[in-house]
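Enquirer: I'd like to go over a predicted model; first the sequence, then the structure.
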Amino acid sequence: MFIRKCAKTVKGKKYVNHLLVESVTTPNGPRQKVICSLGNLDPGPAEKWARVASNIEKALRGQLAIESSDSLTQEIVERIKVKTKDGLRNELPVDEDAQWQTVDTHNFAVDEAREAGPVHVGHQMWQKLQIKEVLTAAGLDENTCLLTEAMTINRLVEPSSELATVDWISRTALPDILGESIKIQSPSSLYRNMDRLHEHKEKIERDLAEIERSLFNLKETVLLYDLTSSYFEGQAEKNEKAKHGYSRDHRPDCKQVVIGMVVDDEGFPKAHEVFAGNRSDTTTLDEILTSIDKRLGRAQGQQIEATGEVPMVIVDRGMSSKENLSQIKARHYHYVVAARHDERDRMLDEFEGEDGWTVIRREPSKTNPFQVKTKIKVKRGQHGEETRILCISEERIQKDKAIRSKQESRLLADLNKLEKRVQSGGLKDSDKVHEAIGRLRERYSRVARYYRMAFNKETGEFVWSEDTARKARAVELDGSYMLKTDRDDLSDEDIWKLYSLLTRIEAAFRDLKGPLAERPIFHQIDKRVETHIFICVLAYHILAAIEKMFRDRGVYISWESARKELRTHQVVTTTMPAKNGRLLKIRKDTKPEPVHKAIYKLLQIPDKAMSPRRTWVDRDIEPDDLAPLERAKLVALGQPN
């Protein structure tokens, strides 16, 4: 379209008129068709006519909302409407691919809201860690990679069973973000996917550790090893590793497996193994050291190439036996271990006296305002080739007192109950009484050691008393722990780091059992149990990377806290009746709030969860159009078909 100026002189007077003209194709060639005479309406300067004509054409095609155009365009369009006898029937056709459309602003709807923020982070970190490439290199196909990503992100965001995962995917923006249709007909497809993953666990874990080493510049000079347990719901009769044993979950009534995991000083997992539920802690060390060597590609005695250092293995006091420490040294690792409580008590005489203590303080600063004010006292002692370090933390004193007081009050209550049972004749058998005493010692191991308990078989009396001297000794040790190491070159700063690292592996297990909900285990088949744990570990890789990136930027928040904030970033569908009689549906994510943008910036990922998607439909979706699964949900909710 264009505007043409026409001039005509009548009786010596000159008349000027402007026409809105359109070029059309006819059998006889191109011709010009007058759309509307503007009469005495002045279209403005000639250099603006092209823009005016373009706006009029866009408005007539539905590409430009009339309300948003200028007053001149609005008036000309209204003239065209009046000129056309049958309303707007003869308007130009609407271009549905155009950026601008005329819609009914009073009858639009927003629906299909899906949580996007947490799954967006999960997907972006999955890509950052190159996990798909790792799975592909292990020989897994595209569909297996897709299902594994969905299952891993589910563990990261809202841990569910395989049955619930199918429904969870449809309630999130994961299909929108992946840009692919996740076709899961039933949980059995997820079970089969777990079976495909099982044989590739070791290679995947090794390759992923290599990527993280490069991506985050990990030194791997410190490795922390510990164990936890995870119990089963059900009898797990088909699983040879499902056994009754010492339950760290306080579920001795359930069968369990024992999980050993190694993490580095930044919290990244390096290796994990699944042991039988009745496996003793001390018997697992040699096996896990072999796994470490394989994962790190390290021969015995080999140093870390980047630093020229021999790795240092930190193990829990449950593995502080001479045999275990000899195993570590035989593989040419350094070791650091926390001494057992009874061992610590015996060695305290070496540390008597007020001399030789070093005070290490940490205060908040401008560079690290999140640092908690902390003070520990440190004293070293040499015992042959072994260095012993006694640490007393003021923070832990009150914590130890509270734990001891809570356990002691419960122990005293149970001792009184047992005493009454014996006195009343409700418990007479000597073996049964000794079993009850053993259970109390096991349940309250922290405080039972400074109480004497005995049963006189001849008199049938159960007697108990407090060992005041031993208890006083325990009070003096509140807030203290003792480290043993074969290194004699540790500085105060090194000891401080070790003190901080002692909680790192505990935090890893808390994350596995808390935010990632690794327990309880519902699977019965051994390889699916191991793959369930492996998927939890994969999710923990992502969690460790997230929290590492937070820490590197001076922000000390957990993934669980960030996940709660991100839930309000969603993907929605906006449906608008358009001027052409059809419905325009736009699927896109909501505008990120400042807290969302802050988290995305820390993680260096886009703040847009997906690219907008536009579709045209002829009518609203009715219940008859719903998929069978959605119809089943309506029926379950008591809604009409």
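Expert: Sure, I can see it.

Enquirer: and the longest strand along the chain, what does it pack onto?
Expert: In the chain, with assignment by DSSP state E, the single longest strand is strand 13-26. Applying 3 or more C-beta pairs under 8 Å, 6 or more residues apart in numbering; DSSP states H and E, one finds that strand 13-26 contacts strand 2-10, strand 29-37. Bear in mind the C-beta positions are built from the backbone N, C-alpha and C, glycine included.

Enquirer: in the first one, what's buried?
Expert: I take that to be strand 2-10. Across strand 2-10, burial judged by 16 or more other C-beta atoms under 10 Å covers Ile3.

Enquirer: low-scoring stretches of the stretch 451-600 of the chain, by residue?
Expert: 499-500, 502-508, 512-519 (pLDDT under 70).

Enquirer: would you state the helices of it in chain order?
Expert: If DSSP state H, counting those that start in this stretch is used as the criterion, the helices of the stretch 451-600 of the chain fall at 468-476, 492-501, 504-513, 526-552, 559-566, 594-603.

Enquirer: and if you look at the stretch 201-350 of the chain?
Expert: In the stretch 201-350 of the chain, the helices defined using DSSP H, counting those that start in this stretch lie at 201-215, 285-296, 322-330, 341-347.

Enquirer: dump the residue contacts of Ala436.
Expert: Counting by C-beta atoms under 8 Å, 6 or more residues apart in numbering, Ala436 touches 418, 427.

Enquirer: tell me which element it falls in.
Expert: helix 430-443 (DSSP states H and E).

Enquirer: would you turn the helices of the stretch 201-350 of the chain into JSON lines with distance to Asn193?
Expert: Shown next, in JSON lines, are the helices of the stretch 201-350 of the chain (distance: least, C-beta to C-beta, whole Å):
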{"stretch": "helix 201-215", "distance to Asn193": "13"}
{"stretch": "helix 285-296", "distance to Asn193": "24"}
{"stretch": "helix 322-330", "distance to Asn193": "37"}
{"stretch": "helix 341-347", "distance to Asn193": "45"}
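
Enquirer: for those helices, which one sits closest to Gly245?
Expert: With distances scored as C-beta to C-beta, the stretch of the helices of the stretch 201-350 of the chain nearest to Gly245 is helix 285-296 (16.6 Å).

Enquirer: show me the contacts for Gly12.
Expert: Contacts of Gly12 by C-beta under 8 Å, 6+ apart: none found.

Enquirer: what pLDDT is listed against it?
Expert: Per-residue pLDDT puts Gly12 at 77.

Enquirer: related to what we said a few turns ago, list the buried residues for the longest strand of the chain?
Expert: In terms of neighbour count (16+ other C-beta under 10 Å), strand 13-26 has its buried residues at 18-21.

Enquirer: grab the nearest non-local neighbour of the residue positioned nearest the centre of the chain.
Expert: The C-alpha lying nearest the average C-alpha coordinate of the chain belongs to Leu156 (C-alpha atoms, centre = their mean; 3.4 Å). In space, and not counting its chain neighbours, Leu156 is closest to Ala539: 4.5 Å by C-beta to C-beta, 6 or more residues apart in numbering.

Enquirer: my guess is Glu395 meets Ser480, correct?
Expert: No: using C-beta atoms under 8 Å, Glu395 makes no contact with Ser480, being 11.9 Å away.

Enquirer: between these two, which one's more packed in?
Expert: Shown here are Glu395 and Ser480; by other C-beta atoms under 10 Å, Ser480 has more neighbours (18 against 13).

Enquirer: enumerate the beta-bridge partners assigned to the more buried one.
Expert: Ile392 (DSSP bridges).

Enquirer: residue contacts, it?
Expert: Residues in contact with Ser480 (C-beta under 8 Å, 6+ apart) are 344, 390-393, 396.

Enquirer: Gln423 now?
Expert: 461-462.

Enquirer: next, count neighbours for Leu289.
Expert: Leu289 has 22 nearby residues by other C-beta under 10 Å.

Enquirer: ok, it touching Ile328?
Expert: Yes: judged on C-beta under 8 Å, Leu289 makes contact with Ile328 at a distance of 7.0 Å.

Enquirer: and the helix or strand hosting Gly381, what does it pack against?
Expert: In the assignment (DSSP H and E), Gly381 maps to strand 374-383. If contacts are counted by 3+ C-beta pairs under 8 Å, 6+ apart, strand 374-383 sits against strand 358-362, strand 386-393, helix 394-424, helix 492-501.

Enquirer: okay, buried residues for it please.
Expert: 376, 378-380.

Enquirer: okay if I get these as CSV plus pLDDT?
Expert: Below are the buried residues of strand 374-383 laid out as CSV (pLDDT from 0 to 100):
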residue, pLDDT
Ile376, 79
Val378, 83
Lys379, 83
Arg380, 84
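
Enquirer: which ones are touching His120?
Expert: 173, 177, 566, 569, 589, 605, 609 are the contacts of His120 under C-beta under 8 Å, 6+ apart.

Enquirer: can you get me a residue count around the fifth one?
Expert: Spelled out, that is Asp589. Neighbours of Asp589 (other C-beta under 10 Å): 23.

Enquirer: for it, which non-adjacent residue is spatially closest?
Expert: Nearest one to Asp589, counting by C-beta to C-beta, 6+ apart, is Ala609 at 4.1 Å.

Enquirer: which SS state does that neighbour fall under?
Expert: coil (DSSP: H, G, I helix; E, B strand; the rest coil).

Enquirer: you'd agree it is up against Ala173?
Expert: Yes: in this structure, Ala609 is within contact of Ala173 by C-beta under 8 Å, at 6.2 Å.

Enquirer: what touches both of these two?
Expert: Shared contacts of Ala609 and Ala173, counting by C-beta under 8 Å, 6+ apart, come down to 116, 120, 571, 589.

Enquirer: let's have these in TSV, adding distance to Tyr600.
Expert: Putting the shared contacts of Ala609 and Ala173 into TSV (distance: C-beta to C-beta, whole Å) gives the following:
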residue	distance to Tyr600
Ala116	12
His120	8
Val571	15
Asp589	12
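
Enquirer: pull the most distant pair out of these.
Expert: That would be His120 and Val571, which, of the shared contacts of Ala609 and Ala173, are the farthest apart (C-beta to C-beta) at 9.0 Å.
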